[in-house]
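In: compute the structure for the input listed below.
(2 chains)
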Amino acid sequence: DAKTTQPPSMDCAEGRAANLPCNHSTISGNEYVYWYRQIHSQGPQYIIHGLKNNETNEMASLIITEDRKSSTLILPHATLRDTAVYYCIVRVDVDSGYALNFGKGTSLLVTP
Amino acid sequence: DVKVTQSSRYLVKRTGEKVFLECVQDMDHENMFWYRQDPGLGLRLIYFSYDVKMKEKGDIPEGYSVSREKKERFSLILESASTNQTSMYLCASSSAPKGQFFGPGTRLTVL
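Out: Below you'll find the model as predicted:
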């Protein structure tokens, strides 16, 4: 699986957009970009995934650069409940049975 | 929405006890997984299953076994609990190419 690099921490004011970057410069053509988050003492939560095109769902938007070497997860109107550790994962097949390598992720703090 | 439920949020057991952790998913997913999460070590895969009665070892299967008699249910068994099995246990299910959906976790303490 391609290695990902994320900033260790970010702050965001409540109501503002939170933009979380992820670098994956060694990504292969058939690898997806997945985003998860983990709120303290809870199980990881799937947010969104994409291959080439930008994606949007009820939780977030995923912007993938044209060369696919980086992506940005956007939480359009962050709330206090969005405070969590966000993980960017790149892999071919999330169901391969191998462990998801969550790495260290970005700790997002949403402040009032 | 996908729902993955685990039988207990918190569990306290004694060394040597047999422990059963149950996981149920309601989305007819083929694949189910058991992880443990420890500070500084991230998520580590214990066992996974692609189908009923099928199981595969993950990275750290020692001391654990699993059972999948029905598609929606995946059980993790600690044959003889030890203190080093104190951890957060997380169950997940998935159906490609969507991501894995996790349960709330069971925090197990072995005394």
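
In: got the residues of chain B near chain A?
Out: B:4, B:30-31, B:33, B:35, B:42-45, B:48, B:50, B:56, B:58-59, B:90-92, B:94-105, B:107 (CB under 8 Å from any CB of the partner chain). C-beta here means a position set from N, CA and C on the backbone, and glycine is covered the same way.

In: restricted to buried residues, select the residues you listed in ChimeraX.
Out: Selection of the buried residues among these in ChimeraX, burial being defined by 16 or more other CB atoms under 10 Å in any protein chain shown:
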select /B:4,31,33,35,42,43,45,48,58,90,91,92,94,95,98,99,100,101,102,103,105,107
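
In: ok, residue 103 - contacts?
Out: I'll assume chain A. A:4, A:6, A:87-89, B:42 (CB atoms under 8 Å, 6 or more residues apart in numbering or on different chains).

In: that's the wrong chain, I wanted chain B
Out: Here residue B:103 is in contact with A:43, B:4-6, B:23, B:90-92 (CB under 8 Å, 6+ apart).

In: and the residue nearest to residue B:3 when sequence neighbours are not counted, what's its pLDDT?
Out: With sequence-adjacent residues excluded and distances taken as CB to CB, 6 or more residues apart in numbering or on different chains, residue B:3 is closest to residue B:26, at 4.9 Å. At residue B:26, the predicted lDDT confidence score is 94.

In: quick one: low-confidence parts of the chain?
Out: Assuming you mean chain A. Applying pLDDT under 70 to chain A flags residues A:1-2, A:93-99.

In: should've been chain B
Out: The low-confidence ranges in chain B, as defined by pLDDT under 70, are B:1-2, B:96.

In: just the strands in it please.
Out: B:4-6, B:10-13, B:19-25, B:31-38, B:42-49, B:56-57, B:64-70, B:73-78, B:87-94, B:101-102, B:106-110 (DSSP state E).
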